[in-house]
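Trainee: output the structure for:
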Amino acid sequence: MAGGLVALLDDVAVLAKAAAASIDDIGAAAGRASMKAAGVVVDDTAVTPQYVHGLNAERELPIIRKIAFGSLRNKLLVILPAILLLSQFLPWLLTPILMLGGAYLCYEGAEKIWHRIHAADEHHAAVEDALPDEKTIVSGAVRTDFILSAEIMVISLNEVADEGFWSRAIILVVVALGITVLVYGVVGLIVKMDDVGLSLSQKPGKRVAAFGRGLVKGMPKLLTALTVVGTAAMLWVGGHIILLGTDELGFHPIYEFVHHLEEAAKEATGAVGGVVGWLVNTVSSAILGLVVGALVVLVMSLTVHRRKADAGSH
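Mentor: Here you go, the predicted model:
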């Protein structure tokens, strides 16, 4: 009897160790997948604060909470089942879908640069001046989040494609929850920074008050920096996705050219070759992203002008 109990306990210990190892593997895989999607996460974090800009302070966090729940619904109820089914039954579609998402990121990045260089027209300014209601704000933010979330989830899936079906599902649920909490937690801190700073600036202590004023002054600079980083991340991630996708689909010249540049940079820079090689690959991906994005912006602009011209002729 005692021997049987000891054997049972040994079996339980083995199962516990296997479960712990499995959890560790899932955590590590989720971490790798999340890091691969980091560029899109940065853009998601940079975009969201713009939706609550100019609203009453007491409504900022409730609106962000609604957008966060909408983001979770996007990821868990729509995107996750769709990409899991695709990965199981039509895995060859994932690379083209990923490339389409990459092209969209390139377009978004190039469009931001275009609007930065050329001032927005009066109609665009008038639209921004007319602040929409909360329902419209939330629905618009959730629609934008859907595209970014889809890209995050497909990039993450691509990193764990060799895992079993249920492992992929669990890993992607972890990624969805973790990234959503991270993004909207950071967004909440960002949008309340000026309120916290204003409160601290009215405290009696000189250092505390000075720190509060610094937060208030730093808020616009932080948002500007996030916009720049987000734009760069979109071009880099989008371009890198397209770079890898073209190679996987059988068109090798662009990938081989960048790979040769990267290897040459590594050999020429010795001890720091790894870092320099990564920078060469990153800059090359961003340039490719900018070119692709600029082409999409051009096509979209020509399409819009053509429609306006057709509408005017009627």
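Trainee: those helices in the chain, which residues are they?
Mentor: 2-36, 38-47, 57-73, 80-89, 94-117, 122-129, 134-159, 165-201, 206-248, 253-269, 273-313 (DSSP state H).
Trainee: same question for stretch 250-261, mean pLDDT?
Mentor: Averaging pLDDT along stretch 250-261 yields 94.
Trainee: now do it: everything it contacts.
Mentor: Here stretch 250-261 makes contact (C-beta atoms under 8 Å, 6 or more residues apart in numbering) with 243-244, 246-247, 280-281, 284-285, 288. Yep, even glycine has a C-beta here, placed from its N, CA and C like the rest.
Trainee: from those, which two are the most distant?
Mentor: Pairwise distances across the contacts of stretch 250-261 peak at 18.0 Å for T246 and V280 (criterion: C-beta to C-beta).
Trainee: ok, S149 to W166 distance?
Mentor: 21 Å (C-beta to C-beta, to the nearest Å).
Trainee: of these two, who's got more company?
Mentor: The neighbour comparison of S149 against W166 (other C-beta atoms under 10 Å) goes to S149, with 28 against 9.
Trainee: how near is R65 to L105?
Mentor: 26 Å.
Trainee: compare the two (neighbour count), which wins?
Mentor: L105 (29 against 13).
Trainee: neighbours around the residue nearest to the more buried one when sequence neighbours are not counted, how many?
Mentor: Leaving out its chain neighbours, the residue that sits closest to L105 by C-beta to C-beta, 6 or more residues apart in numbering is G238, at 3.3 Å. Counted by other C-beta under 10 Å, the residues lying close to G238 total 32.
Trainee: go ahead and confirm G238 touches G109.
Mentor: Yes. When contacts are counted by C-beta atoms under 8 Å, G238 is listed as touching G109 (6.6 Å).
Trainee: and for these two, which residues touch both?
Mentor: 289, 293.
Trainee: re the thing from before, the residue nearest to L105 and L226, how far apart?
Mentor: 18 Å.
Trainee: kindly report the same for V296.
Mentor: In terms of C-beta to C-beta, V296 sits 23 Å off from L226.
Trainee: how far does stretch 211-222 sit from its chain's centre?
Mentor: Distance, stretch centre to chain centre, for stretch 211-222: 25 Å (C-alpha atoms, centre = their mean, to the nearest Å).
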